[in-house]
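1. Just the structure for this:
(one chain, ligands or ions: 1)
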Amino acid sequence: MPQIERPKTIVTRKLPAQVEARMAELFDAEFNADDTPMSEDALKNAVARADVLVPTLTDDISKDVLASAGPQLRLIANFGVGVDHIDLAAARARDIPVTNTPGVLTEDTADMVMGLIISVPRRLAEGEKFVRAGKWRGWAPTGMLGHRVNGKKLGIVGMGRIGQAIARRASGFGIAIDYHNRHRLPEAVEQTLGATWRENLDDMLADIDILSINCPYTAETHHLLNEKRLGLLGRDVYVINAARGEIINEEALTDALEKGAIAGAGLDVYENEPDIGERLLALENVVLLPHLGSATFEGREAMGDKVIANIRIWADGHRPPDQVLEGWA
Ligand SMILES: O=CC(=O)O
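-> Numbering: from 1, shown residues only. Have a look, this model is predicted:
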């Protein structure tokens, strides 16, 4: 592990001002003042010069980009929790640790998912647009009815920190919780959350009212929700995704929504961000958000603090606390 006084730290996107100020104090830091996502060439140039790269989810840190890394690049300290945009195996092969920012965005993301769990079945976003469009003619006994969430069953795919935080909130709304996860949680945790483990994902899909996707995006979870699995959901089911767009086959989801094979969706993430298909944009039974999961002032500052802590601890010659160990022995 190195000991470096002021590591050359290249930050690929504009970060909160307090975070950049602290980084400028502590590191030989280079920022992206105009916040334009870096091109592949710009990323190659950055890894050729930096000791530490601070990327975000909008950067494709591919094997190709990492092939341009100079021998001095010794840490990738990601601003964000998901690391699917970084070729972890290529980083591992070059012995470059990757860190992320877990924990500090859990509650914000869970709050936003809860917002979608309420707003999609109750048609809140649709109602807001209706009022603004000047179409509202007053209260009506059958006006803009949605589905009740109290007493319904939520299926959570991926019961990590965020999944569990959603379960805690949903219980407060009187929603029952089933979950599917690679590993079953300890029984005591299940009991506290009031959550039931479903070993078989397909069985769970056929037995829920709301689905929330909260697993990481990996080769195994690519299009986890495909046409076949969408077909297992009932007509009154709502799909919520605040994890990664690529976990759902967006074409198949759009088909299901268009046909009324499912009731609606709340999406914060997409397969080709920031592009969203015209067909999806045209649908009424969908709430579309611009990847807002962790978008609070407090959360983004805390994410910056985590990035800084990881760099400092690493620069002091220790293993950074949030090293992503996937692919590492
Ligand atoms: O999506 C946001 C993140 O990975 O932090």
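2. Quick check: buried residues in stretch 195-212?
-> Buried residues in stretch 195-212, counted by 16 or more other C-beta atoms under 10 Å: 195, 198, 201, 204-205, 208-212. Any C-beta I mention is one placed from the backbone N, CA and C, and that applies to glycine too.
3. so of those, which ones are in helices?
-> Using DSSP state H, the members of these that fall in helices are 201, 204-205.
4. Format these as CSV; extra columns: pLDDT and distance to Ile276.
-> As requested, those are arranged in CSV below (pLDDT from 0 to 100; distance: C-beta to C-beta, whole Å):
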residue, pLDDT, distance to Ile276
Leu201, 98, 26
Met204, 98, 28
Leu205, 98, 24
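5. Can you lay out these as JSON lines showing distance to the ligand?
-> Putting these into JSON lines (distance: C-beta to the nearest ligand atom, whole Å) gives the following:
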{"residue": "Leu201", "distance to the ligand": "22"}
{"residue": "Met204", "distance to the ligand": "24"}
{"residue": "Leu205", "distance to the ligand": "24"}
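6. residue in the stretch 101-250 of the chain nearest to the ligand?
-> Closest residue of the stretch 101-250 of the chain to the ligand, C-beta to the nearest ligand atom: Leu105 (5.8 Å).
7. hmm, back to that, closest to Ile117 out of the buried residues of stretch 195-212?
-> Nearest to Ile117 among the buried residues of stretch 195-212 is Ile210, at 5.9 Å by C-beta to C-beta.
8. Okay, and the beta partners of that closest one?
-> In this entry, Ile210 is beta-bridged to Leu154, Tyr238, by DSSP bridges.
9. Now do the contacts for it.
-> By C-beta atoms under 8 Å, 6 or more residues apart in numbering, the contact list for Ile210 reads 117, 121, 149, 152-155, 175, 237-240.
10. still on that earlier bit, now distance to Leu325 too, for the buried residues of stretch 195-212, in TSV please.
-> What follows is the buried residues of stretch 195-212, written out as TSV (distance: C-beta to C-beta, whole Å):
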residue	distance to Leu325
Ala195	25
Arg198	27
Leu201	25
Met204	28
Leu205	30
Ile208	32
Asp209	36
Ile210	32
Leu211	29
Ser212	26
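11. got the contact list for His85?
-> Contacts for His85 were tallied using C-beta under 8 Å, 6+ apart; they are 55, 57-61.
12. And those, which of them are buried?
-> Here, 16+ other C-beta under 10 Å leaves 55, 57, 59, 61 buried among these.
13. ok, and which of the residues you listed reach the ligand?
-> Leu57 (C-beta under 6 Å from any ligand atom).
14. nearest to the ligand, of the buried ones among the contacts of His85?
-> Once C-beta to the nearest ligand atom is applied, the member of the buried ones among the contacts of His85 that ends up nearest the ligand is Leu57, at 5.2 Å.
15. Can you tell me how far that closest one is from Pro7?
-> 22 Å (C-beta to C-beta, to the nearest Å).
16. Okay, helices next: where are they in the stretch 101-250 of the chain?
-> 106-119, 124-132, 161-172, 187-193, 201-205, 227-230, 250-259 (DSSP state H, counting those that start in this stretch).
17. nearest to Ala265, of those?
-> If we rank these by C-beta to C-beta, the stretch that ends up nearest is helix 250-259, at 6.0 Å.
18. what's the nearest residue to His147 once chain neighbours are set aside in contact with, if anything?
-> Spatial nearest neighbour of His147, chain neighbours left out: Pro121 (4.2 Å); criterion: C-beta to C-beta, 6 or more residues apart in numbering. Contact analysis of Pro121 by C-beta under 8 Å, 6+ apart lists 146-149, 210, 238, 263-264.
19. Also Thr221?
-> Counting by C-beta under 8 Å, 6+ apart, the residues that Thr221 touches are 215, 247.
20. can you check the one 3 residues further on too?
-> Neighbouring residues of Leu224 by C-beta under 8 Å, 6+ apart: 157, 201, 213, 215, 247-248.
21. where does the nearest residue to Ile86 once chain neighbours are set aside land on pLDDT?
-> Leaving aside its sequence neighbours, Ile86 sits nearest to Ile61 (C-beta to C-beta, 6+ apart; 4.2 Å). Predicted confidence (pLDDT) for Ile61: 98.
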